[in-house]
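Chemist: Mind folding the following:
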Amino acid sequence: MMVRICLLSIISAVLVASSLAQPHPAAKQTGLVLVKAARLLDVRDGKYIENAAVLIEGERIKEVGSASEILQHATKDAKVIDLGKATLLPGLIDCHTHLMARFADSPDGYLLGLATKSQAYRALEGAADARDTLRAGFTSVRDVENEGSGYADVALRDAINKGLVEGPRMEVATRAIAAVGQYNPFGVSPDLIDFPTGAQMVSGVEEARRAAREQIGHGADLIKVYADWNNPTLTVEEMRVIVEEAHKAKLKVAAHATTPEGIKNALNAGVDSIEHGHGADREAIELMKSKGVFLVPTVGVIDAIIEKRRADPLTAEQRKRLEAFAQATYDEIQMAKSMGVKIADGFDPSREGLHGQNALELAAMVKRGLTPMEAIQAATLNAAELMSWQDRVGAIQAGKFADLIAVDGDPLADITVLQHVKFVMKGGEVVKDETH
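Modeler: Below you'll find the predicted structure:
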């Protein structure tokens, strides 16, 4: 009997793991669908296929090529979607979202959000943000912490996978892990012992290990750590056991790191990606390259905030600090590009007006020296690799999910056209069509 119970447990675990590893919508497209467009961007070689077509069977791409070739293989009853003069691209991927976060743009916005919004309400906000993100052309996201909403991101991921709500494919980091007292919210009275925190706070190696195990047990697809805040916080030893637990479970670890020492600590602990990295020096970037670690620079949201506050009265010292910070983001991406560090797209929205504006990140990366093709690859091939989803998304290729977007114009000539996506398909299902 015990052997039978053990075997049933193993089989159940395998089935659950398989369902989490391969997200798919509940309602599958049946029959063949033929999508035609004036041109299709092959993100692998950076070239266009003119007068292109994509043949789709169910959720997956069956064939890609010129329309004249593909039409020969389509059955007469195949549904045809003709996008006319549009440019077709793979669904975009954002590797740094916070779909559960809609905090007010004020100094105490984060604290008030935790104090006044129930987790149920925040889950509904997350569903709205997921819809906006998908309709903006981002068909997959890596959600790197739910900012104090418990495990609502796990629930959102699962609801999307079951077709209950509309949103992108999600990898979720759940609560994230930070050092005690070194993450939001700050300034809370010590008398409020049970006031919610933006991350799971730990102190010491065993607490760090336990937090990682808890989050994995509750459905995390990756683990997020805060290597620093204003200064380095978690120790190398604390992060190392988190990485150990994650890697045992075949999961990756993302590290918020914005100081040279914090970045190096995270890299020496074995993390898989550096999030932000704005304070990186040459040594840190070189170490990133040598370890094969991804950089997710999140510079678009910085530009959006600077633009919004352009008219704010600033002292000479404040303006100087702002300019120095902006310059640091230029230097970071320039160094990363010159050294061949893999860059993945990530926008970092946490306010109502920013969700769905994810393509601002692509323009911000081009502004800092990436070519439009490199920026698009950061949001397709590179992002898919970081998520370990390169077998299913990131390119318009036979066997991958039929995640497609279409825009007017040429994104290789003007990256900003990706801020105006006209057509979105996810898994063979049309989510948005404004091409007619």
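Chemist: Poorly predicted segments of the stretch 301-436 of the chain, please.
Modeler: Under the criterion pLDDT under 70, no range of the stretch 301-436 of the chain is flagged.
Chemist: Now do the helices in it.
Modeler: 316-339, 360-367, 372-378, 381-386 (DSSP state H, counting those that start in this stretch).
Chemist: Any idea which of the ones you listed gets closest to Tyr110?
Modeler: Nearest of those to Tyr110, taken as CB to CB: helix 316-339 at 19.8 Å. In short, each C-beta sits where N, CA and C put it, glycine included.
Chemist: For stretch 304-322, measure first residue to last.
Modeler: 13 Å (CA to CA, to the nearest Å).
Chemist: Then stretch 277-295?
Modeler: 7 Å.
Chemist: Spatially central residue in the chain, please.
Modeler: Cys95 (2.1 Å; CA atoms, centre = their mean).
Chemist: pretty sure it belongs to a strand, no?
Modeler: Yes: checked against DSSP: H, G, I helix; E, B strand; the rest coil, Cys95 lies within a strand.
Chemist: so what's it up against?
Modeler: 141-142, 144, 273, 294, 296, 344-346, 383, 386-387 (CB atoms under 8 Å, 6 or more residues apart in numbering).
Chemist: Farthest pair within the residues you listed?
Modeler: So, those by CB to CB: farthest apart are Val141 and Phe294, at 15.3 Å.
Chemist: before we move on, back to that, which stretch among the helices of the stretch 301-436 of the chain comes nearest Leu156?
Modeler: helix 381-386 (19.4 Å).
Chemist: Quick check: buried residues in the closest one?
Modeler: Buried positions in helix 381-386, judged by neighbour count with 16 or more other CB atoms under 10 Å: 381-384, 386.
Chemist: cool, and stretch 294-309?
Modeler: Per 16+ other CB under 10 Å, stretch 294-309 contains these buried residues: 294-304.
Chemist: Of the buried residues of helix 381-386, which is the nearest to Met335?
Modeler: Scanning the buried residues of helix 381-386 for proximity to Met335, where the rule is CB to CB, the winner is Asn382, at 16.9 Å.
Chemist: And the nearest residue to the closest one once chain neighbours are set aside, how close does it get to Thr233?
Modeler: Spatial nearest neighbour of Asn382, chain neighbours left out: Ala344 (4.7 Å); criterion: CB to CB, 6 or more residues apart in numbering. Using CB to CB, to the nearest Å, Ala344 is found at 24 Å from Thr233.
Chemist: Mind checking which of these two has more residues around it?
Modeler: Ala344 (26 against 23; other CB atoms under 10 Å).
Chemist: how about that one, what does it touch?
Modeler: Ala344 neighbours (CB under 8 Å, 6+ apart): 93, 95, 273, 294-296, 378-379, 382-383, 385-386.
Chemist: same deal with Trp389?
Modeler: Residues counted as contacts of Trp389 (CB under 8 Å, 6+ apart) are 140, 169, 171.
Chemist: what about Leu124, distance to Ser118?
Modeler: 10 Å.
Chemist: more neighbours, these two?
Modeler: More neighbours surround Leu124 than the other of Leu124 and Ser118, with 15 against 9 (other CB under 10 Å).
Chemist: Distance of the more buried one relative to Leu112?
Modeler: From Leu124 to Leu112 the distance is 18 Å (CB to CB).
Chemist: Please apply the same query to Ala328.
Modeler: Ala328 is 30 Å from Leu112, by CB to CB.
Chemist: before we move on, which element is Lys36 in?
Modeler: strand 32-42 (DSSP states H and E).
Chemist: list the helices and strands that strand packs on?
Modeler: strand 47-57, helix 67-71, strand 79-82, strand 87-90 (3 or more CB pairs under 8 Å, 6 or more residues apart in numbering; DSSP states H and E).
Chemist: dump the residue contacts of the nearest residue to Val43 once chain neighbours are set aside.
Modeler: The shortest distance from Val43 to any non-neighbouring residue, by CB to CB, 6+ apart, is to Thr380 (4.7 Å). By CB under 8 Å, 6+ apart, Thr380 lies in contact with 43, 89-90, 92-93, 394-395.
Chemist: which of these are buried?
Modeler: 43, 89-90, 92-93, 394-395.
Chemist: which of the residues you listed lies closest to Ala155?
Modeler: The closest of the buried ones among the contacts of Thr380 to Ala155 turns out to be Ile93 (CB to CB; 21.6 Å).
Chemist: quick one: which of the contacts of Thr380 is nearest to His218?
Modeler: The closest of the contacts of Thr380, once distances to His218 are taken by CB to CB, is Ile93, at 24.1 Å.
Chemist: Who is the closest one paired with across the strands?
Modeler: When bridges are called by DSSP bridges, Ile93 pairs up with Ser140.
Chemist: Please list all residues in contact with it.
Modeler: 138-142, 344-345, 379-380, 383-384, 387, 393-394.
Chemist: Serialize these to CSV and add fields for distance to Ile263.
Modeler: Output for those, formatted as CSV (distance: CB to CB, whole Å):
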residue, distance to Ile263
Phe138, 26
Thr139, 30
Ser140, 26
Val141, 24
Arg142, 19
Ala344, 16
Asp345, 19
Ala379, 23
Thr380, 25
Ala383, 20
Ala384, 24
Met387, 21
Val393, 28
Gly394, 26
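Chemist: Mind picking the two most distant members of these?
Modeler: Among those, Thr139 and Ala344 lie farthest apart (CB to CB), at 15.3 Å.
Chemist: Thr298 against Gly346, yeah?
Modeler: Yes: shown here, Thr298 and Gly346 form a contact pair, counting by CB atoms under 8 Å, at 5.0 Å.
Chemist: follow-up on the earlier one: separation between the residue nearest to Asn382 and Pro232?
Modeler: On the measure of CB to CB, Ala344 and Pro232 end up 24 Å apart.
Chemist: Neighbours of the residue nearest to Arg368 when sequence neighbours are not counted, how many?
Modeler: Leaving aside its sequence neighbours, Arg368 sits nearest to Ile333 (CB to CB, 6+ apart; 4.2 Å). Residue neighbour count, defined by other CB under 10 Å, stands at 24 for Ile333.
Chemist: Surely Ile333 is in contact with Gly369?
Modeler: Yes: counting by CB under 8 Å, Ile333 touches Gly369, with 5.8 Å between them.
Chemist: that older thread, report the inter-axis angle for the strand holding Lys36 versus strand 47-57.
Modeler: Strand 32-42 and strand 47-57 are oriented at 160 degrees to each other (axes from the mean of the first three to the mean of the last three CA atoms, to 10 degrees).
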